[in-house]
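What shape does this take:
(chains A and B)
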Amino acid sequence: MNCRRAKKLIYDFIDGVCDETVQIELERHLSDCEACDQLASGLTRSLDLLKRAPVETVNDNFGWRVRLAIRKELAGARELGTSQRGLFRSWNVGYAASAVAGFAVMLVAGWIAIGSVDNPIGAGSLDGLTLGDKQTTERPSNPPAQSEFVPSGSGSPTVTVGENGGALSKSEDSAVGAFDRAIPANRDSLVSEAVKGMTPEEQMQFLRKQIIELQVQIENRTTKKR
Amino acid sequence: MYTEFHGERAKWKDLTDEELMFKVQDGETACFDLLVDRYKNRLFNYLFRLTQSHDVAEEVAQEAFVKAFIHAGKYKTIARFSTWLYTIATNLVRNRMRSKSRAPQIFSLWGKGKSGESDEEKPIDVLDPGRSPDDILNDSELSEVINQAIEKIPDRYRSCFVLREINQLSYEEIAAISGLKLGTVRSRINRARNYFRQIVEPILEKGIDF
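Sure, this is the predicted structure:
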């Protein structure tokens, strides 16, 4: 047995997990090697010191203090639980309303953005809404042949789309009614009119403004409904 | 609700720790008193050797028992109660040290030294061998010597060492408590033993008899 192996086995020997043959071999090495013997005896002696170390004990009232702390903790948890449940209820309602409103805004924004990819000036149903300083509530000058567009305030909130489009009927009072209305086929030209002569940056600014206005309208309608 | 018990101790005293925990889970919360009685000194001893402070050790021990009771429902048979309790206590100490890591006198449990240098790079201070045998007479002094020696063991080895040498836990239990691999636990304990020997040997060579 060499010193390297002996040094490894010394720890097993201390732990008492050396088998008998290995132990005999180790003892033989220790009797021949002073350095390893010193290491082994030094370890044994110093660790023996730990075995003789007095056991530190807690104060007599420790158990009582633990009981008291547990009671306090349980009482605190009950109070916290009650307030948290109340908080959760109000938070839940608020969260749901915000989530719905947020989702609606995202839908509109996404829709406008997608439209702007096909058509740089946007393809959202912005008719009937305030487009910057311009009002576009007037009936389109060239309505499509296959559909009949009925503007808001005409007495009928419904729009009939011709054979190809199928029937659409949406309430103007819906939270997103302003842009849920039937879309005239010439909506693009309406928007085109509104953004005519604008630079791309101005167009983007214009669209952002529209989104903000839509958000305000949605918010107002949602609040009214509540 | 946590209730005290009177005279029922005898009924439960033969139950194992794990059986007592199941009783606690079933609502026999008074069984927890028995567990506190069984482990308070062992846990305190471990924490005292780690933190070197009676007050901190007692505070952490109390917190560990409270946590063990509050989360009794989470206890499962996959671990022994003692392992679970030591794990809670070790984590509490670790968190405490982490939160106070800016304080220079505080140690960390498994990580590197305070200034970022590895433990191996730190010089080993031996205990003052100039102390005469008359200076070291009784148990409390022996305890002091041991504490000083343990304090000088590099941070990352200390917890495993104390669990093994003071609390006599198995390597497997220490691995479960520390979240380290068995081989790592072995090597850390052996290194710590070597450090401890280097620190204590000069005192022993002086012929001081405790």
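
got the residues of chain A near chain B?
By C-beta under 8 Å from any C-beta of the partner chain, the residues of chain A that approach chain B are A:11, A:14, A:39, A:42-43, A:45-47, A:49-50, A:52-59, A:62-63, A:65-67, A:69-71, A:73-74, A:77. (Each C-beta comes from the backbone N, C-alpha and C, glycine too.)

Relative to chain A, how far out is the residue nearest to the spatial centre of chain B?
Centroid-nearest residue in chain B, with C-alpha atoms, centre = their mean: residue B:46, separated by 2.6 Å. Using C-beta to the nearest C-beta, to the nearest Å, one gets 9 Å for the distance from residue B:46 to chain A.

what stretches of chain B score poorly on pLDDT?
Low-confidence segments of chain B (pLDDT under 70): B:1-8, B:100-139, B:206-210.

can you give me the helices in it?
For chain B, the helices defined by DSSP state H occupy B:9-12, B:17-25, B:31-51, B:54-70, B:81-99, B:139-151, B:155-165, B:171-178, B:182-205.

my read: residue B:96 touches residue B:57, true?
No - applying C-beta atoms under 8 Å, one finds residue B:96 not in contact with residue B:57, separated by 11.0 Å.

for whichever strand or helix holds residue A:49, packing partners?
For residue A:49, the host element (DSSP states H and E) is helix A:34-51. Under the contact criterion of 3 or more C-beta pairs under 8 Å, 6 or more residues apart in numbering or on different chains; DSSP states H and E, helix A:34-51 touches helix A:3-15, helix A:20-32, helix B:139-151, helix B:182-205.

re earlier: nearest to residue A:201, out of the helices of chain B?
When the helices of chain B are compared by C-beta to C-beta, helix B:81-99 sits nearest residue A:201, at 50.6 Å.

and residue A:212, how many neighbours does it have?
Residue A:212 has 11 neighbours, counted by other C-beta atoms under 10 Å in any protein chain shown.

element containing it, please.
Per DSSP H and E: helix A:200-225 holds residue A:212.

got the buried residues for that helix?
Residues of helix A:200-225 classed as buried by neighbour count (16 or more other C-beta atoms under 10 Å in any protein chain shown): A:203, A:206-207, A:210-211, A:213-215, A:217-218, A:221-222.

now these as JSON lines including distance to residue B:202?
Formatted as JSON lines, the buried residues of helix A:200-225 follow (distance: C-beta to C-beta, whole Å):
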{"residue": "A:203", "distance to residue B:202": "84"}
{"residue": "A:206", "distance to residue B:202": "84"}
{"residue": "A:207", "distance to residue B:202": "81"}
{"residue": "A:210", "distance to residue B:202": "83"}
{"residue": "A:211", "distance to residue B:202": "78"}
{"residue": "A:213", "distance to residue B:202": "83"}
{"residue": "A:214", "distance to residue B:202": "82"}
{"residue": "A:215", "distance to residue B:202": "77"}
{"residue": "A:217", "distance to residue B:202": "84"}
{"residue": "A:218", "distance to residue B:202": "80"}
{"residue": "A:221", "distance to residue B:202": "84"}
{"residue": "A:222", "distance to residue B:202": "80"}
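
Check the residues you listed against residue B:185 and report the nearest one.
Closest approach between these and residue B:185, by C-beta to C-beta: residue A:215, at 59.2 Å.

returning to that earlier point: tell me which residues in the helix holding residue A:49 are buried?
Quick answer for helix A:34-51 (16+ other C-beta under 10 Å): A:36-37, A:39-40, A:42-43, A:46-47, A:49-50.

Need the mean per-residue confidence for that helix.
Mean per-residue pLDDT for helix A:34-51: 86.

Give me the angle between it and helix A:20-32.
110 degrees (axes from the mean of the first three to the mean of the last three C-alpha atoms, to 10 degrees).

can you list the residues that contact helix A:34-51?
A:3, A:6-7, A:10-11, A:13-14, A:29-31, B:142, B:145-146, B:165-166, B:193-194, B:196-197, B:200-201, B:204, B:210 (C-beta atoms under 8 Å, 6 or more residues apart in numbering or on different chains).

hmm, 6 Å instead?
For helix A:34-51, contacts defined as C-beta atoms under 6 Å, 6 or more residues apart in numbering or on different chains pick out A:3, A:6, A:10, A:30, B:165, B:193, B:196-197, B:200-201, B:204.

Kindly calculate the angle that that helix makes with helix B:31-51.
Using the same axes, to 10 degrees: helix A:34-51 against helix B:31-51 is 140 degrees.

what angle do helix A:34-51 and helix B:155-165 make?
Counting by the same axes, to 10 degrees, helix A:34-51 lies at 70 degrees to helix B:155-165.

from memory the residue nearest to the centre of chain B sits against residue B:168, does it?
No - counting by C-beta atoms under 6 Å, residue B:46 does not reach residue B:168; the two are 10.6 Å apart.

Please identify the residues of chain B in proximity to chain A?
B:2, B:36, B:40-41, B:44-45, B:48, B:58, B:62, B:65-66, B:69-70, B:139, B:143, B:146, B:165, B:190, B:193, B:196-197, B:200-201, B:204 (C-beta under 6 Å from any C-beta of the partner chain).
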